[in-house]
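[1] Just need the structure, nothing else, for what follows:
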Amino acid sequence: MKVIVIGAGVLGVSVARHLAVAGEDVLLLDQRGPGTGTTATTFAWTNSSRKPDPDYHRLNLAGMEEHARLAGQLRGAPSYFPSGALQWADAANEQRLAANVERLQTLGYPAEWVTADEAARIAGDLRIPATVTSIAHFPSEGYVLPDRFVKNLLTDAERHGATCTIGEVEAIDDGPEGVAVTLVGGRVCTGDRVVLAAGRWTQRLAARAGIDVPMVTDIGRGAQTVGLLGYARSPVLDLRCVIHTPGLNLRPAADGHTVLQALDLNADADPADPPSADGDMAGTLARRFSALLPGPRRAPKIDLRIGFRSLPADGHTVAGYASARSRVYCLVSHSGVTLAPVLGRLVAAEITTDQEQDLLGAFRPTRFTGVRRSDIEVDQRATGLGEQ
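    Model prediction:
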C-alpha cells in the first residue's frame, strides 16, 4: 500500500515510521522541513495531569507509556526523559493544585505531596522561594527534546524505506481509485491513502479535500493559538525535571539550557511584532528565572520564540477517516508530543489492518458532522488544554 503522509511534525513522522516498519510504501511531505512547524515551538511536557475528559485522559496515559517502549527501539541520542514533574503553589494557587492532586489520585495517577527539601533534591539546580506553600510531585511525567525526537523517528522511518521530501500541498483529490496530492509547481503524488497530519494547517488543507476539521485558526495577538517560549542559554543548570511554578514553567533542554514558559505573557505576544531579546517580555522572563536561580543572581541570556499551537476546536485529538468512503485519514492534536508514539502505532494499525482501535473511538472527525461550531468550541486556556 502506498501511503502519503502530509506533515512532518512529530505526529506525521511517528505515523510514517510505524507505517514503514509495517512494510508500507511511505512518502512523507512537508512544506518546510521535518519538525519546523508547531513541533519546533512546544514545551514538550509528557503528561495527562490536566486532561479531565476520561477518553482523552486514557489516550494521554497510553501516550506516556508508549514513550518508554519507543525509547528502547529508536537509535540516536536520547530524546525522551521520564524525569517526573513538580508543581509548586503559593497561597493564591494551593487550592487549585490540591483539587487537581486529589482528582488524579482518585484516578490512580501517580501524584504525591513532597516537602521543600525533597523537591529541591528532585528539581536539581533551583531555589524554591519562601512564598511556595505546597509542592506536588508527578513521577510518571517527563519531557521530550523535540528536534532529537523527530530526527530519531525520521531516521528510523527512512531506514525502513520511507521517503521524505519538501513540497507544499495545493490540492487533495480523494477519488474512487486512490488519492492524488498536487503540490505547488504541478507535481502530483498518488497513493492508496493519505494521512493529513499538518498541524495548524489541517483545517485549510482538509477543506481542499471537502473535509471539515474545525480548528482554532486565529493567529493574531492574544489568540489561543499563540504561545511564547524562552530559551535560556545561560546560566547552565543541572535542572532534572519539569517544573511548574506560579509565574514560570521550566524544562531542561540540551547542554544545560532551559526552556521557559510564562502563560500570562501569551496574551501580549504579537506574531506581527515579535518581542525582542532585550524587550519587556524578555526582561520579565529573565527576572522570574533569576528569582529561582541558586547563589548570586546572574543575568540570563534568553532567546524568544513565538509558536502557534495546533488546536482542534473542542480541544481534543482528531483521528480517523473523514467518512466511511474516504481515503483521507485526519490526524491533529494539541497534545502531539505526549501522544506521538501511541498515535503513530494506532493510526498505522487502522490504516494497514482496517481494524478500528478502541482508544481512538472517541476522536473521529465525524463527531463534528452536523454540529454547530458554537456548540463545540471552548476557550482552551480556561481548561488547561491550551498550554504548549
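
[2] Skipping its backbone neighbours, what lies nearest Arg240 in space?
    With Cβ to Cβ, 6 or more residues apart in numbering as the measure, Gly124 is the residue that lies nearest to Arg240, at 3.7 Å, once sequence neighbours are left out. To be clear about C-beta, it is placed using only N, CA and C from the backbone, and glycine gets the same treatment.

[3] what sits against the one you found?
    237-241 (Cβ atoms under 8 Å, 6 or more residues apart in numbering).

[4] and it, backbone torsions?
    The phi and psi values for Gly124, taken as degrees, to the nearest 10, are phi 90, psi -130.

[5] how much space between it and Asp238?
    Using Cβ to Cβ, to the nearest Å, we find Gly124 at a distance of 5 Å from Asp238.

[6] And Ala98, by the same measure?
    29 Å.

[7] Below-threshold pLDDT in the stretch 151-300 of the chain: ranges please.
    297 (pLDDT under 70).

[8] Show me the helices in it, by range?
    Assigned by DSSP state H, counting those that start in this stretch, the stretch 151-300 of the chain shows helices spanning 202-208, 280-290.

[9] Of all those helices, which one is nearest Tyr321?
    helix 202-208 (11.7 Å; Cβ to Cβ).

[10] contacts for that closest one?
    Contacts of helix 202-208 with the rest of the structure, by Cβ under 8 Å, 6+ apart, involve 6-7, 169-172, 196, 198, 212-215, 217, 310, 318, 322, 328, 330, 332.

[11] before we move on, what about stretch 285-295?
    Residues external to stretch 285-295 that are found in contact with it (Cβ under 8 Å, 6+ apart): 125-127, 129, 230, 232, 235, 237, 245, 247-248, 250, 258, 260, 262, 265, 297-300, 302, 304.

[12] Go through that stretch and flag the buried ones.
    Residues of stretch 285-295 classed as buried: 285-286, 288-289, 292-293 (neighbour count, 16 or more other Cβ atoms under 10 Å).

[13] Stretch 57-73 too?
    Across stretch 57-73, burial judged by 16+ other Cβ under 10 Å covers 57-64, 66-67, 70-71.

[14] who's in contact with that stretch?
    Stretch 57-73 is contacted by residues 46-48, 51, 78-80, 82, 107, 109, 140-142, 144, 156, 317, 335, 338-343, 345, 359-360, 363 when judged by Cβ under 8 Å, 6+ apart.

[15] Quick one: distance of it to the chain centre.
    The chain centre lies 14 Å from the centre of stretch 57-73; the measure is Cα atoms, centre = their mean, to the nearest Å.

[16] for Glu112, which residues make a bridge with it?
    His137 (DSSP bridges).

[17] Gln87 versus that one, what's the distance?
    11 Å.

[18] what's around Gly185, how many residues?
    8 (other Cβ atoms under 10 Å).

[19] what's the nearest residue to Cys164 if we skip its chain neighbours?
    Residue nearest to Cys164 in three dimensions, not counting chain neighbours: Leu28, with 4.3 Å by Cβ to Cβ, 6+ apart.
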